[in-house]
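Trainee: Need coordinates for the below:
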Amino acid sequence: MTDTILDEAAVAAAWDRNADIWTQEVRSGLDLYRELYTFPAFLDFMPPIAGKRVIDLGCGEGSNTRRFARLGGVMTGIDLSSGMIRRAREQEKDEPLGIVYEIASFGDLAPFADGAFDAALSTMALMDGPDLSASMQAASRVLKLGGALCFSVLHPCFITPAIAWLADEAGGHLGLRVGQYFEREPFVEHWRFSRRDGGEQKTGAPKFEVPRFPRTLSDYINAVSEAGFRIVRIEEPRPSEEMARKHDWLKRWYRHAPLVLFILAVKAPASE
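Mentor: Predicted structure coming up:
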């Protein structure tokens with residue numbers, strides 16, 4: 001439980017506070033889960049975007065948006081945090097890729113017209129917004145008919161409020177404990193990027209303050225379907241076997257459970 005009302009204003013304020021250190025560490029390559037596991041898998045999963053008008057929902061400081069632009073997407077990035085958008089715009093000014101960044105909520109996408117985009121992408125952001133159903137409805141509105149929605153979130157079946165790794169006496173991972181799966185009470189999580197390039201623990205860095213909104217798998221599937229999308233593909237990616245051999249902290253996700261869930265859907269005609 002939390003005494004703070006975790007609405008969009010609270011989410012924006014938290015990410016404004018995170019913006020400086022988050023931008024510095026992400027652009028220094030310290031988000032190793034993203035660099036080695038989740039983002040390469042997402043690139044393999046997502047549809048082609050070259051020449052398409054694409055909106056990045058919850059773009060943060062723009063690192064992934066810029067990668068999408070280099071794949072040929074005509075990119076618009078949106079985020080609630082003015083601090084994150086300011087840093088994204090600064091980078092675009094220094095290295096122009098034709099990206100437009102706007103301070104906006106993916107819960108309504110108010111600045112954008114109906115059918116304005118060919119595709120909507122979102123990487124590890126939608127689980128951190130308070131109204132998933134509204135976000136899916138907004139994405140459907142701004143996509144043209146047949147437009148693709150493709151997103152990644154923390155896997156709701158495994159990243160639960162009572163998650164814990166089970167270990168043997170030698171510290172080897174035996175499995176993953178999950179609990180409170182049906183808990184939907186928002187909370188604030190405090191964490192840091194804890195790995196350096198060699199995989200060793202990093203201590204002493206400031207922690208990020210991240211509002212979380214727990215949901216079930218059916219919450220995600222139903223919100224997508226009820227917004228007029230037809231689900232094309234779902235994936236629960238594993239780290240590669242090579243990465244699991246090199247990094248023990250990835251081996252546990254290779255052996256026991258997926259960290260993330262990917263969903264690809266298309267905006268269907270009303271009759272479907």
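
Trainee: Which secondary structure elements does the longest strand that the chain contains sit against?
Mentor: Looking across the chain with DSSP state E, the single longest strand is strand 143-154. In terms of contacts (3 or more C-beta pairs under 8 Å, 6 or more residues apart in numbering; DSSP states H and E), strand 143-154 is packed against strand 117-123, helix 132-142, strand 260-267. Any C-beta I mention is one placed from the backbone N, CA and C, and that applies to glycine too.

Trainee: Run the angle between that strand and helix 132-142 for me.
Mentor: 150 degrees (axes from the mean of the first three to the mean of the last three C-alpha atoms, to 10 degrees).

Trainee: And the helices in the stretch 51-200 of the chain?
Mentor: 63-70, 82-94, 132-142 (DSSP state H, counting those that start in this stretch).

Trainee: one step back: just how off-centre is the longest strand of the chain within its chain?
Mentor: When C-alpha coordinates are averaged (C-alpha atoms, centre = their mean, to the nearest Å), strand 143-154 and its chain have centres 13 Å apart.

Trainee: Flag every buried residue along that strand.
Mentor: 143, 147, 148, 149, 150, 151, 152, 153, 154 (16 or more other C-beta atoms under 10 Å).

Trainee: want to try TSV for those residues, with pLDDT and distance to residue 179 as columns?
Mentor: Formatted as TSV, the buried residues of strand 143-154 follow (pLDDT from 0 to 100; distance: C-beta to C-beta, whole Å):
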residue	pLDDT	distance to residue 179
143	98	36
147	98	38
148	98	35
149	98	30
150	99	30
151	98	25
152	98	23
153	98	19
154	98	15
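
Trainee: Quickly name whichever of those is closest to residue 238.
Mentor: residue 152 (13.9 Å; C-beta to C-beta).
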